[in-house]
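In: turn this into a model:
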Amino acid sequence: MPTVLVIDDETTILENIRFNLEMENYNVITASNGEDGLNIFREKINIIDAVITDMRMPKLTGIDVLREVKKLMPEMGVLILTGHGDIENAIQTMKEGAFEYLKKPLNVDQLSIIISKAIEKKNLLLENTNIQKKLLDQNSYLQGLHDSAEKILLNLLPKKLPEMDNVRFSVEYKSSEAVGGDMYDICDIGDYLCFYVFDVSNHGILAAVIAVILKSFLQNIEYNYRQGINKRRFPEIVADLNNEVLINTAENVFATLFLGFLDKKTNVLYYVSAGHVTQYLFNNEKIEPLNSTGTVLGAFEDATYTCSVHQLSPGDKVVLFSDGILEVSNDDIIFGYKNIEKNLMENNSKPIDVITKELLKASAQYGSNDFFDDVTIVGMELIK
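Out: Now for the predicted structure:
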């Protein structure tokens, strides 16, 4: 049964409204002045469905009551009772949020209809407020997940690059608002320098979880090589990693990987690319694509991979990157391979740290600094 609070300093009007509303199955609470009415409203705010208040009363007026009720519950429907000389004030109450004003003497049938509409609107507004609160809570929860994912990924990134006499490394990394699944690392594992870039297809907390799985697996491989135990052939490492992704992730979760090993004695580069975008080997004279040597991780059980071998010489450079740089767009035209190749060859005589910076700068300018995905660039240069 809906509850209506009626405030009026005239007992006859109060009792008349009470009688008629109770006949319409309303529960009625009355007050003879604005102060008492507001005290009742504060006490019973959770059960009151509508408020009717007279315009002219001692001490607190109907406008005063309206303003305080709206402060306490903006959704509450307030009806104002007015005399013939109160039209201007009644109009003012409408501007301040009154649901309707009613002229005395009251039309009982009209009163019941208007109260019903006021309660209906109040309930709709409250429902809308609750929905908005739930959305805000959900957004806050999602933002928390987003922030957690970002922290996880940032903590996985290497804090320091290896320092070698004959090899230089350079890294440029830019995370997107969506928190992608880019990851890279460079480490000395004894006879080889191991370096990789991988990119998880998802974003947010799921990407972070998959990144942890991939990173942990690769760290274990690095440890085994440093200890000289359980050394696997490079393609077998990636095949095992593919099965690891299949076992530990949901369907339709994929990752691409470029995994390289540089023999420190012979300068031979071995790499396996699991569906990763084309990377580049270049020097002052030419540029050579380093293409994929197998399918993406997490797509097919027992997938096989091959190893590509390249003899490097002093002055050769390798640039690895994630697909985020390819997909930077300008008027729906992506940055793409041609712009990457052009930029690399324009800067091929410069040190590797300059080359990676110039490549990131060119892609940022092309896309007006708007990256929809993480961008990772890893550069390696053999010193003459």
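
In: going by C-alpha atoms from here, please, whenever you check contacts or count neighbours.
Out: OK.

In: from the chain's centre, how far out does the longest helix anywhere in the chain sit?
Out: In the chain, taking DSSP state H as the definition, the longest helix is helix 108-156. A distance of 18 Å separates the centroid of the chain from that of helix 108-156, by Cα atoms, centre = their mean, to the nearest Å.

In: counting by contacts, list what it packs against.
Out: strand 50-54, strand 77-82, strand 181-188, helix 204-227 (3 or more Cα pairs under 8 Å, 6 or more residues apart in numbering; DSSP states H and E).

In: name every strand pairing with the second one and say which way it goes.
Out: For strand 77-82, sheet partners with direction are given as strand 50-54 (parallel), strand 100-103 (parallel), following DSSP bridges.

In: contacts for the last one?
Out: To tie it back to what came earlier, the one meant is strand 100-103. When contacts are defined by Cα atoms under 8 Å, 6 or more residues apart in numbering, strand 100-103 is touched by residues Val78, Leu79, Ile80, Leu81, Thr82, Gly83, His84, Ala90, Met94, Leu111, Ile114.

In: number of nearby residues for the last one?
Out: Ile114 has 17 neighbouring residues, counting by other Cα atoms under 10 Å.

In: can you check the pLDDT for it?
Out: You'll see Ile114 listed with a pLDDT of 91.

In: tell me what Asn330 is bridged to.
Out: Here Asn330, judged by DSSP bridges, has bridge partners Ile333.

In: just checking, it touches Gly367?
Out: Yes. Here Asn330 reaches Gly367: they are 5.4 Å apart, a contact under Cα atoms under 8 Å.

In: looking at these two, which one has more neighbours?
Out: More crowded of Asn330 and Gly367, by other Cα under 10 Å: Gly367, with 20 against 14.

In: pretty sure the more buried one is touching Leu326, no?
Out: No. Counting by Cα under 8 Å, Gly367 does not reach Leu326; the two are 10.6 Å apart.

In: tell me, what's touching these two both at once?
Out: Phe335.

In: ok so, going back, among the contacts of strand 100-103, name the buried ones.
Out: Among the contacts of strand 100-103, those scoring as buried are Val78, Leu79, Ile80, Leu81, Thr82, Ala90, Met94, Leu111, Ile114 (criterion: 16 or more other Cα atoms under 10 Å).

In: now do the nearest residue to the third one once chain neighbours are set aside against Ile355, distance only.
Out: Across the structure, with Cα to Cα, 6 or more residues apart in numbering as the measure, the residue nearest Ile80 apart from its sequence neighbours is Tyr101 (4.4 Å). In this view, Tyr101 and Ile355 are 73 Å apart by Cα to Cα, to the nearest Å.

In: and if you look at Asn348?
Out: On the measure of Cα to Cα, Asn348 and Ile355 end up 7 Å apart.

In: spell out which residues make up each domain of the chain.
Out: Under the assignment automatic domain parsing, the domains of the chain span 3-130, 158-382.

In: closest one to Leu136 among those domains?
Out: Proximity of the domains of the chain to Leu136 was assessed by Cα to Cα; the nearest stretch is domain 3-130, lying at 9.7 Å.

In: before we move on, which element is Thr256 in?
Out: Assigned by DSSP states H and E, Thr256 belongs to strand 255-263.

In: contacting residues around stretch 66-78?
Out: 38, 41-42, 49-53, 93, 96-100, 118-119, 121-123, 125-126.

In: can you give me the buried ones in it?
Out: Result for stretch 66-78 [16+ other Cα under 10 Å]: buried residues Leu66, Arg67, Val69, Lys70, Met73, Glu75, Met76, Gly77, Val78.

In: what does stretch 217-233 give?
Out: Phe217, Leu218, Ile221, Glu222, Tyr225.

In: who's in contact with that stretch?
Out: So stretch 217-233 is contacted by Cys187, Ile189, Gly190, Cys194, Ile237, Leu241 (Cα under 8 Å, 6+ apart).

In: could you redo the last one with a cut-off of 10 Å?
Out: 185, 187-194, 196, 211-212, 215-216, 237-238, 240-241, 244-245, 259, 307 (Cα atoms under 10 Å, 6 or more residues apart in numbering).

In: flag the shaky bits of the protein, pLDDT-wise.
Out: 84-85, 139, 141-150, 152-153, 176-180, 202-205, 229-231, 250-251, 369-371 (pLDDT under 70).

In: so Tyr337 touches Gln279, yeah?
Out: Yes. Counting by Cα atoms under 10 Å, Gln279 is a contact partner of Tyr337 at 9.4 Å.

In: tell me which of those two has more neighbours.
Out: Gln279 (20 against 15).

In: about what we covered before: now the element after the longest helix of the chain, going C-ward?
Out: strand 167-174.

In: re the thing from before, Throw the domains of the chain into JSON lines and include distance to Leu136, thanks.
Out: Supplementary listing: the domains of the chain in JSON lines, determined by distance: least, Cα to Cα, whole Å:
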{"stretch": "domain 3-130", "distance to Leu136": "10"}
{"stretch": "domain 158-382", "distance to Leu136": "19"}
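
In: which of those domains sits closest to Ser140?
Out: Per Cα to Cα, nearest to Ser140 of these: domain 158-382, 14.2 Å.

In: ends of that closest one, what's the gap?
Out: 21 Å.

In: same question, stretch 279-297
Out: First-to-last residue span, stretch 279-297, Cα to Cα: 17 Å.

In: try stretch 274-291
Out: 10 Å.
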